[in-house]
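A.B. asks: mind looking at a prediction? Sequence and model below.
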Amino acid sequence: MNKEVKKEIHQIRDILASFDKSDFDSTTSFYHSSGFPSGCCGDATDLLGLYLLQHKGLDSEYVCGNGLGENSNQSHAWLHCNGYIIDITADQFNENGYELPSVIIEKQSSFHELFHETTSRISNISYLDGSGIPDVLSKVLTVMHASEEAL
């Protein structure tokens, strides 16, 4: 994973964290959550997968893990891309005693290995048709481009 892509992933995380609820499409978990990143892992993972595909030409897999440690009902989503685990919402688990960074881009992650079951699907555009994810990504890109032009 090159430095530029890593930088942009961090930038996307920062932009999502800076948005108010009203900045998000009302059909997304961003809008309905108690506040990013809590409860936003699925939509954030889809958004990041869409970005990597459309703007970097990178294929990725959306991974959903179930059963975190003693909590069999806990689920979480992240990406696998080019041999990396990419997670921009893992820090939501810090309130449960974990010490996770806001962005994980690693070949291995002991946190992600704690999930008992995982399922995955290829990140693709057609899966997101009719969802609010492309609209949120468009807003994120507007902020990214504005910050580039300011430099």
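C.D. replies: Right, received. Where do you want to start?

A.B. asks: so where do the helices sit in the chain?
C.D. replies: 3-18, 29-32, 41-56, 125-128, 133-150 (DSSP state H).

A.B. asks: for residue 116, find the nearest of the ones you listed.
C.D. replies: helix 41-56 (16.7 Å; CB to CB). Glycine gets a C-beta too; all of them are placed from N, C-alpha and C.

A.B. asks: now do the closest one and helix 133-150, the angle between them.
C.D. replies: Here the directions of helix 41-56 and helix 133-150 differ by 60 degrees (axes from the mean of the first three to the mean of the last three CA atoms, to 10 degrees).

A.B. asks: from the contact counts, what lies against helix 41-56?
C.D. replies: Contacts defined by 3 or more CB pairs under 8 Å, 6 or more residues apart in numbering; DSSP states H and E place helix 41-56 against helix 3-18, helix 29-32, strand 61-68, strand 71-81, strand 84-87, helix 125-128, helix 133-150.

A.B. asks: before we move on, back to that, identify, out of the helices of the chain, the most deeply packed stretch.
C.D. replies: helix 41-56 (a mean of 22; mean count of other CB atoms under 10 Å).

A.B. asks: so for it, mean pLDDT?
C.D. replies: Over the span of helix 41-56, the pLDDT mean works out to 97.

A.B. asks: who's in contact with that helix?
C.D. replies: 5, 8-9, 12, 16, 28-30, 36-37, 58-60, 62-64, 76-79, 81, 86-89, 92, 123-125, 127-128, 131-134, 136-137, 140-141 (CB atoms under 8 Å, 6 or more residues apart in numbering).

A.B. asks: alpha carbons of it, as PDB, please.
C.D. replies: Output in PDB follows, covering the C-alpha atoms of helix 41-56 (Å, rounded to 0.1, in the frame of the first residue of the first chain):
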ATOM      1  CA  CYS A  41     -18.300   0.400  10.400                       C
ATOM      2  CA  GLY A  42     -20.400  -1.200   7.600                       C
ATOM      3  CA  ASP A  43     -21.100   2.000   5.700                       C
ATOM      4  CA  ALA A  44     -17.600   3.400   6.300                       C
ATOM      5  CA  THR A  45     -16.100   0.200   4.900                       C
ATOM      6  CA  ASP A  46     -18.400   0.300   1.900                       C
ATOM      7  CA  LEU A  47     -17.500   4.000   1.300                       C
ATOM      8  CA  LEU A  48     -13.800   3.200   1.600                       C
ATOM      9  CA  GLY A  49     -14.100   0.200  -0.700                       C
ATOM     10  CA  LEU A  50     -16.000   2.300  -3.300                       C
ATOM     11  CA  TYR A  51     -13.300   5.100  -3.100                       C
ATOM     12  CA  LEU A  52     -10.400   2.600  -3.600                       C
ATOM     13  CA  LEU A  53     -12.200   1.000  -6.500                       C
ATOM     14  CA  GLN A  54     -13.300   4.200  -8.300                       C
ATOM     15  CA  HIS A  55     -10.400   6.500  -7.600                       C
ATOM     16  CA  LYS A  56      -7.400   4.200  -7.100                       C
END
